[in-house]
Each structure stands twice: as structure tokens, then as C-alpha cells.
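Student: Return atomic coordinates for the entry below.
(chains A and B)
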Amino acid sequence: MASTSSQSLAALADAALVDQARKGDQQAFTELANRYAAKIFRLARHITRNDQDAEDTLQETFLKAYSRLDQFQGNSSFYTWLVRIGVNESLMKIRRRKDGKFVSLDEEIETPSGALARELPDGGEDPEELFGRRELRDVLAEAIDGLPETYRTVFVLRDVEGLSTEETAEMLGLSISAVKSRLLRARLQMREKLRRRLKTNVQQKENYM
Amino acid sequence: MSSKKKITCKNFLEDLSDYIDGGIETELRVSLEAHLAKCPNCWVVFDETRKTVEIFQNVECHPLPQDVHQRLLTVLEKSWKRE
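Tutor: So this is what the prediction gives:
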């Protein structure tokens, strides 16, 4: 079928794109993929802790979403629906890994070098600032990688992806109180890992209170 | 202290996450803030945890590499050709 130009697709809301994609407009789905690929990749990379698994998960998530478009009810946003598929795919990846073929989940921490070189922006940023941001990015990524899976998934959904407690609970099949308690533990562990960088000074209290 | 509930450090920690997220009733919030005002240890835990949460809103840990994005689009197109 004839597809709308990519410029006009970019102006459409997700729900309208989903409608068009359901009618067979593949360009409409491509626009949705362009909108959310980065978020799904980030989510998958945080949960799987592995670049290749994250890329596989990204592709599987969008292939699955396309094939199941008819099942999308519109009760939640398209993004939330997509995240649900992405979380399930990511968790399946690490479960499969746990089943034996690969290294133990809790021992494996990827070093962030390598992959980072190609992520450098084209230029324009001050090199020192760029280095500072890259370094911080590495520190944060490693801190998340170091969380146990049960805390990591909750932390990523709540504090990285910005989902609500209720959405996170529903997505992971947990109670609200379980999400809250895991989130608290995850945040406290992250604070421990990052505290040297945060440099809290009790003197600052006066400014805040 | 004007609030009714006496907050211990342990109580404070239990409600820390909700307090940071702002999803907390006024009465409890007032009690927690009264505790914060007189407990430097809890204040440091609160401040560092709040900053920890905030930092993730501003820094993108895993930007999508362009080649990964391109391969996703290629995979989608291939699957549509097979339809």
C-alpha cells in the first residue's frame, strides 16, 4: 500500500502510527522503531549487561511487536507495551544464559571500552567535558551492571526508564510492595557505589532545608 | 515537633524512596522532614540517594550505536519482504 512520507509520519502520534502500521504501512512502523530503538536498546543493555544480547533483544522486540500489533489494545501507551515485550525478551536472554551455556551471570561484567569508541559524537563538544561525560557514563553503567538482577531490573524500569511503581509491578509480575522494597535496596546500593562521586557535604544541608 | 508520628532512623529509611519520589502523605512528609532536620546521618543518606536517582535522568549510559540502529531497520525490512 502507499505509505505516507516520512516527514508527515514524524508528526503523527504513536497511536496513529500504530493504526497505519496495522493497515500494512511499514513506513509507519519504521517511524515507531526510530522513535523507540534507543530506549529499548538501553533497557536491554542494562538488563542483559551485554552488547550483543542487547542488539538481539532490540531486533526481537520490534519483530515481535510488529507481528503482534493486532494484540495491542491501546489500554497502555505503545511505549509501555513495547517495554513489556523488551523486558520479557531481555529476561529470557539472561535466563537462557543462566541455564548453563555461558558464564555465570553474577561474575560477568563487561568492560565498557571497545564499544564506546564508536559512540563519540562528531564534534563540537569541549573535549574535557566530553571526557568527563564519558567517564561518568562508564561509572554509572558499571554501577548498574553490578546490581543483582532482581534489583537491577526494578531500578532500570523505575529510575532509568521512568515507569511508575504500578507499571513496573505489572510488568515484572511483582507486588507493589516488592517493587518498592527492591527499588529502595537498589537505590541504596547505587548510592554506596557512587557516593565518592556525589561528594555530599553536610554543610549543604543548610541550603536545601 | 508538631507532627504526631515519631520517626526513627529505621522508619526514615523505610520511607526514603517514597519521600524522594514525592508520593507521600503530607502528615508523614512533615514527620520525615522533622527527623531530617535533626539527624545529619539520615540527611546525608537522603541527599546522596536523591542525587543518585537524579543523575540517571541526565546521563545516557548506553547510547544506541548507529550501526545497531541500521541493522534493526535492515532486519525489519527483510522480515517484510518474506511476508
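Student: going forward, measure contacts and count neighbours with C-alpha atoms only.
Tutor: Noted.
Student: Residue A:142: neighbouring residues, count only.
Tutor: Neighbour count of residue A:142, defined by other C-alpha atoms under 10 Å in any protein chain shown: 19.
Student: And the next helix or strand past the strand or helix carrying it?
Tutor: Secondary structure from DSSP states H and E places residue A:142 in helix A:127-145. Per DSSP H and E, the first helix or strand lying C-terminal to helix A:127-145 is helix A:149-155.
Student: Same question for that next one: list its buried residues.
Tutor: Buried residues in helix A:149-155, defined by neighbour count with 16 or more other C-alpha atoms under 10 Å in any protein chain shown: A:149, A:151-155.
Student: nearest to chain B, of those residues?
Tutor: residue A:155 (9.5 Å; C-alpha to the nearest C-alpha).
Student: Spit out the contact partners of the closest one.
Tutor: A:182-183, A:186-187 (C-alpha atoms under 8 Å, 6 or more residues apart in numbering or on different chains).
Student: same check, this time on residue A:173
Tutor: Per C-alpha under 8 Å, 6+ apart, neighbours of residue A:173: none.
Student: What pLDDT is listed against it?
Tutor: Here the pLDDT value assigned to residue A:173 is 93.
Student: can you give me phi and psi for residue B:62?
Tutor: For residue B:62, the backbone dihedrals (degrees, to the nearest 10) come out as phi -130, psi 80.
Student: tell me which element the residue lying closest to it once chain neighbours are set aside falls in.
Tutor: Of all residues not flanking residue B:62 in the chain, residue A:42 sits nearest, at 5.4 Å (C-alpha to C-alpha, 6 or more residues apart in numbering or on different chains). Assigned by DSSP H and E, residue A:42 falls within helix A:26-48.
Student: For stretch A:170-178, what is the distance to the chain centroid?
Tutor: For stretch A:170-178, the separation from the chain centroid amounts to 18 Å (computed by C-alpha atoms, centre = their mean, to the nearest Å).
Student: Give me the pLDDT for the residue nearest to residue B:36 when sequence neighbours are not counted.
Tutor: The shortest distance from residue B:36 to any non-neighbouring residue, by C-alpha to C-alpha, 6+ apart, is to residue B:43 (5.4 Å). At residue B:43, the predicted lDDT confidence score is 95.
Student: Near residue 47, how many other residues are there?
Tutor: Went with chain A since none was named. For residue A:47, the neighbour count with other C-alpha under 10 Å is 28.
Student: you looked at the wrong chain, it should be chain B
Tutor: With neighbours defined by other C-alpha under 10 Å, the count for residue B:47 comes to 20.
Student: now do residue B:62
Tutor: Look at residue B:62: counted by other C-alpha under 10 Å, it has 23 neighbours.
Student: now residue A:171
Tutor: By other C-alpha under 10 Å, neighbour count at residue A:171 equals 18.
Student: rewinding a little: tell me which of the buried residues of helix A:149-155 is nearest to residue A:68?
Tutor: residue A:153 (24.1 Å; C-alpha to C-alpha).
Student: how close does that closest one sit to residue A:176?
Tutor: 14 Å (C-alpha to C-alpha, to the nearest Å).
Student: again with residue A:79
Tutor: From residue A:79 to residue A:176 the distance is 21 Å (C-alpha to C-alpha).
Student: what does residue B:20 give?
Tutor: 17 Å.
Student: can you list the domain ranges for chain A.
Tutor: A:12-109, A:146-195 (automatic domain parsing).
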